[in-house]
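Asks: Dropping the sequence and predicted coords here.
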Amino acid sequence: MSASADLTGGAGGSALARCIACATDLFAREHWGRAPLLTRTAELGATFTDLLSAEAVDELVSNRGLRTPFLRMAKDGSVLPAARFTRGGGAGASIGDQVADDKVLAAIGDGATLVLQALHRSWPPLVDFGSRLAAELGHPVQINAYITPPQNQGFAPHYDVHDVFVLHIAGRKQWTIHEPVVDAPLDNQQWEQFRGQVAARAAEPPLIDTVLEPGDALYLPRGTIHSAAAQGETSIHLTIGVHAVSRYQLVRHLLDLAQDDAALRTSLPMGVDLSDPTVLASELAGTVAALHERLDAVPVADVARRLGVDLMRRTRPAPIGPLAQLAAADALTSDTTVRLRSGLRVRLDGGADEVRLVLLDRTITLPGSAADAVKVVLAGAPVRAADLPGLDAAAQLTVTRRLLREGVLVPV
């Protein structure tokens, strides 16, 4: 059994609804991984300045001590050397790759685009938004911001190997969208390998050619070729990259499980030329047959477990405050209401004697008597300590306090 909290967006509302105006099932059926979707401000009913603004960009650049690779800069399709926009931070902070606000000022003034990377880790509104969106989609996300001065373009036509939601914050930017040259590209199929085909496709009539304004949103499946150029004012937009789990990843998990089959670990013959197709034919046929037999027998649960571990590594749960957690554990009473930490992925193992909550880097072991209580908290709904089933009053407090201290539960 596994659990992940707030799969519908939680108390903060649906994050996906901030990005699209159509019904979720329509988006899933007609657009997810298939086709771009342009949504205007009037359809969404709100802008995105609560997530990021020009003032927030200045705050991040001037006061947060960002270091590479949490920012980069580009101009005319080329990434600038980090020395162009970083330096040491002075006494007590001499590491040389910290953002230098005056250098950023000069570079933007010279037409360079500023990219603030991994804002789902560094800017609180986007930490929350990214966590909720990842939980709703069931796929990991990352969030970058692009700040482009007037009449400039940071990057040449290209494609990404992840899906993208573009949320336009400020200014206006011309977006030109073309169909893929590689459908659903994988991580090892970057656009630079197909630079010629991308350039040729970008010279064809576009699929979409439009100006995004504040509050507009655009969804692009991975592989969609795109470029963007700021118009008469500085442009700011968020790019939310969705690292969708693909069928190829299931194939890789299946192949990893295939190594348990001794027939597939057998050495090929010696004393022959294995590069000769006529020599290799029978060995390949035998291997395919053995592989087919092994794959047909792989339990779905084994693949799901491996995929769950991968998602644990790639998805960050909602942040917690260590001191606040300790204080909540110390102040715990039977009337305290708690819930599962948003976005936390947990696998439940164990038997009659003990129950194990398997997290990314540790396993929490509790008595078997706590099994029903653990199932209740993993369901995600808020619950009082006094309402945990199968435990007496003292054990309810002990289990709740332990899970607060472990960062599994948070106070409501």
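Replies: In hand now; what should we look at?
Asks: contacts, neighbours, all on C-alpha from now
Replies: Will do.
Asks: remind me which residues of this structure are low pLDDT?
Replies: Where the chain drops to pLDDT under 70, the residues are 1-12.
Asks: Find the residue at the geometric middle of it.
Replies: What sits nearest the mean C-alpha location of the chain, by CA atoms, centre = their mean, is V141, with 1.8 Å.
Asks: which one is that one nearest to, not counting chain neighbours?
Replies: V242 (4.5 Å; CA to CA, 6 or more residues apart in numbering).
Asks: What is the neighbour count of the one you found?
Replies: Look at V242: counted by other CA atoms under 10 Å, it has 23 neighbours.
Asks: tell me the contacts of the residue lying closest to V161 once chain neighbours are set aside?
Replies: The shortest distance from V161 to any non-neighbouring residue, by CA to CA, 6+ apart, is to R222 (5.1 Å). By CA atoms under 8 Å, 6 or more residues apart in numbering, the residues touching R222 are G33, Y159, D160, V161, H162, D163, V164, D183, A184, P185.
Asks: Would you confirm that the last one contacts I225?
Replies: No. Checked against CA atoms under 8 Å, the pair P185 and I225 is beyond contact range at 11.6 Å.
Asks: Those two: who's more crowded?
Replies: Taking other CA under 10 Å, P185 and I225 do not tie; I225 has more neighbours (26 against 19).
Asks: Relative to P185, how far out is S246?
Replies: 10 Å (CA to CA, to the nearest Å).
Asks: Tell me where the chain has helices.
Replies: In the chain, helices defined by DSSP state H lie at 24-30, 41-44, 54-63, 101-109, 119-122, 124-137, 195-202, 247-258, 277-297, 300-314, 322-330, 371-378, 393-405, listed in chain order.
Asks: would JSON lines of those helices with mean neighbour count and distance to V338 be doable?
Replies: Formatted as JSON lines, the helices of the chain follow (neighbours: other CA atoms under 10 Å; distance: least, CA to CA, whole Å):
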{"stretch": "helix 24-30", "mean neighbour count": "12", "distance to V338": "29"}
{"stretch": "helix 41-44", "mean neighbour count": "14", "distance to V338": "33"}
{"stretch": "helix 54-63", "mean neighbour count": "15", "distance to V338": "32"}
{"stretch": "helix 101-109", "mean neighbour count": "17", "distance to V338": "42"}
{"stretch": "helix 119-122", "mean neighbour count": "19", "distance to V338": "24"}
{"stretch": "helix 124-137", "mean neighbour count": "22", "distance to V338": "18"}
{"stretch": "helix 195-202", "mean neighbour count": "16", "distance to V338": "51"}
{"stretch": "helix 247-258", "mean neighbour count": "14", "distance to V338": "35"}
{"stretch": "helix 277-297", "mean neighbour count": "13", "distance to V338": "41"}
{"stretch": "helix 300-314", "mean neighbour count": "15", "distance to V338": "22"}
{"stretch": "helix 322-330", "mean neighbour count": "15", "distance to V338": "10"}
{"stretch": "helix 371-378", "mean neighbour count": "20", "distance to V338": "8"}
{"stretch": "helix 393-405", "mean neighbour count": "19", "distance to V338": "8"}
